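**Student:** Provide a 3D model corresponding to the input given below.
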Amino acid sequence: MAAFGGRLRSKLQLSIFSLAYHDITRIPTLNRYISFFHSSFSTLPRAFNHRSQSFGDIWHGQQHSFGYLMPRYYHDGRPRGSLWRGKKLIGKEALFVILGLKRVKDDEEKLDKFVKVHVSRLLKMDMVAVLNELERQEEVHLAVKMFWVIQKQDWYQPDVYLYKDLIIALSKSKKMDEAMKLWESMKKENLYPDSQTYTEVIRGFLRFGSPGDAMNIYEDMKQSPDPPDELPFRILLKGLLPHPLLRNKVKQDFEEIFPDQSIYDPPEEIFGLR
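**Tutor:** Numbering: from 1, shown residues only. Predicted coordinates:
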């Protein structure tokens, strides 16, 4: 009786599996996959023989075969870094350009050739994506190179935020000569920096050891149509402590523009001025 019950269960299980397989093959998409892989897997029978195979053997064989219809988590050759994270994926052409630029960045001749051959033929969205990604990776020199290419495109429209991000990045890297080239180009396009840009450029010149250039930016800031903020004044006042004459001039302007604000004057001996 037990043996008869076992054979009955086995037949019932095989019948259910056969019906399920029959229903699956009626779906065109799945049937094409099954037909494609059928020749490679002898464990995918069209009919089941319970005398020669147990249900367990057939079931394991079907799992092995149908596993190819399920998602497979293997490395497909694409980079697993931050370039492919987030909602916005960088296109293949843009990714190729980014990797190529970084590969030849130390050879100016090869870099110019690569830009001429590969960068100039990118579409608008890819060019902008390359610029943004180079800025994110702090490849400032390459980002500036990319900006000059973008500026020559027919679709280019002056945008203060493109300038702002690059100028701030250059200032933080103490590359003030390149920052000033962008600064002059921005002024020619009748664009005005915001308070943050003024602050970082002034800070950059002070770090660079050029208080005179910092004062030139300060004078430019005073002529801006937008009212100045306190922060660039305070940065300049702190950076000009070793230069009391220049600092007194900025201090007088600050007190006129912000009469309700106070300025802390630390003892001179703290800064080694005595």
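
**Student:** And the closest residue to Pro225 other than its chain neighbours, how far from Val115?
**Tutor:** For Pro225, ignoring the flanking residues on the chain, the nearest one in space by C-beta to C-beta, 6 or more residues apart in numbering is Tyr192 at 6.3 Å. Just so you know, the C-beta spots here come from the backbone N, C-alpha and C atoms, and that holds for glycine as well. Summarising the geometry, the distance separating Tyr192 from Val115, computed by C-beta to C-beta, to the nearest Å, is 30 Å.

**Student:** do the same with Lys222
**Tutor:** The separation that Lys222 has from Val115, given C-beta to C-beta, amounts to 38 Å.

**Student:** For those two, indicate the residue with more neighbours.
**Tutor:** Val115 (19 against 10; other C-beta atoms under 10 Å).

**Student:** hang on, isn't the more buried one packed against Phe147?
**Tutor:** No - in this structure, Val115 sits apart from Phe147 without contact. The criterion is C-beta atoms under 8 Å, and the distance is 11.7 Å.

**Student:** Kindly tell me how buried Gly100 is, as a neighbour count.
**Tutor:** Burial of Gly100 is recorded as 17 neighbouring residues (other C-beta under 10 Å).

**Student:** Which strand or helix spans it?
**Tutor:** When secondary structure is defined by DSSP states H and E, Gly100 falls within helix 92-103.

**Student:** got the contact list for that helix?
**Tutor:** Judged by C-beta atoms under 8 Å, 6 or more residues apart in numbering, the contacts made with helix 92-103 from elsewhere in the structure are 79, 83, 90, 111, 114-115, 118-119, 122-123, 126-127, 129-130, 133-134, 139, 142, 145-146.

**Student:** Moving along the chain from that helix, name the first helix or strand you hit.
**Tutor:** Of the helices and strands lying after helix 92-103 in sequence (DSSP H and E), the nearest is helix 108-114.

**Student:** For that following helix, buried residues please.
**Tutor:** In terms of neighbour count (16 or more other C-beta atoms under 10 Å), helix 108-114 has its buried residues at Leu111, Phe114.

**Student:** That one packs against which elements?
**Tutor:** Contact analysis of helix 108-114 by 3 or more C-beta pairs under 8 Å, 6 or more residues apart in numbering; DSSP states H and E lists helix 92-103 as its packing neighbours.

**Student:** What average pLDDT does the helix it packs on get?
**Tutor:** Regarding helix 92-103, the rounded mean pLDDT is 92.

**Student:** What is the burial count for Ser179?
**Tutor:** No, residue 179 isn't Ser; it's Ala. A count of neighbours around Ala179, defined by other C-beta under 10 Å, yields 27.
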